[in-house]
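A.B. asks: A structural model of the following input is requested.
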Amino acid sequence: MKQFLYILIVIFVFSGLKTFSQQFHGGVAAGLAATQVAGDTYSGFNKAGIFLGGFVYLDLSEKSAFQMELTYFQKGSRANPDSTNNYEQYLFRANYIEMPLLYMFKAGKFIVHAGPSLGFLMGHYEEADHQRLDELEGYNTPASVTLQINLGMRYYFTEKFGADFRTNNSLLNIRSRNVTGDVWRFWGWGQFHDSLVISLFYQFR
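C.D. replies: This is a model prediction of the structure:
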């Protein structure tokens with residue numbers, strides 16, 4: 001009798017897991033980002049970067065879902081000398097691993113999504129007039145952890161393949177301390193990553 005009950009319990013558990021797993025979907029994404037740093041006095045989305053990652057999402061209903069991602073995200077800022085007597089050169093590269101948590105609202109082939117993401121700094125490089133800054137004493141280092149808000153839209157070309165466009169904007173100062181030129185955002189002064197990302201994704205199931 002006990003063995004029979006054990007078998008029933010195992011069947012029940014695995015049946016439940018199978019039903020629950022049918023609500024999960026996963027996939028991969030790759031694209032490009034145009035980025036700038038608000039507050040560094042170099043305006044314009046002039047720094048290009050790579051956006052790569054994977055995602056898994058859970059259907060909540062026919063119209064909504066939650067999505068978790070793990071992405072590699074290149075951000076920064078760039079200014080090149082030009083013909084308007086602006087001879088200043090600047091380059092800031094910052095590489096992050098980000099973990100977004102997004103709420104997805106479905107409308108046919110379109111999905112609108114929004115949510116926060118944590119970013120973890122993996123490495124950076126900064127120079128001005130071809131002089132490396134991150135080796136100088138008193139350098140204002142980037143923060144090791146950042147917080148962003150993501151807003152975007154996804155479109156399915158087919159059942160499994162589509163494109164995603166989003167904005168990714170810092171909510172907290174990305175530097176270790178405040179400096180002249182900082183801008184105000186939400187609840188404090190600082191410098192902030194702003195990114196526009198377009199990517200293609202493939203959904204496994």
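A.B. asks: now for the residue most central in space within the chain: which residues touch it?
C.D. replies: Centroid check for the chain by CA atoms, centre = their mean gives residue 98 as the closest residue, at 5.4 Å. Shown in contact with residue 98 (CB atoms under 8 Å, 6 or more residues apart in numbering): 53, 69, 70, 71, 72, 73, 117, 118, 119, 120, 148, 168. C-beta coordinates here come from the backbone N, C-alpha and C atoms, glycine included.
A.B. asks: could you redo the last one with a cut-off of 6 Å?
C.D. replies: Each residue near residue 98 by CB atoms under 6 Å, 6 or more residues apart in numbering is listed here: 71, 73, 117, 119.
A.B. asks: of those, which is the nearest to residue 79?
C.D. replies: Among the contacts of residue 98, residue 73 lies closest to residue 79 (CB to CB), at 20.9 Å.
A.B. asks: hmm, that closest one is touching residue 97, no?
C.D. replies: No. Using CB atoms under 6 Å, residue 73 is not in contact with residue 97; the gap is 7.5 Å.
A.B. asks: between these two, which has more neighbouring residues?
C.D. replies: Neighbour comparison, residue 73 and residue 97: the larger count goes to residue 73, with 25 against 14 (by other CB atoms under 10 Å).
A.B. asks: for the residue nearest to residue 88 when sequence neighbours are not counted, report the pLDDT, please.
C.D. replies: In space, and not counting its chain neighbours, residue 88 is closest to residue 79: 6.1 Å by CB to CB, 6 or more residues apart in numbering. If you check residue 79, the pLDDT there is 90.
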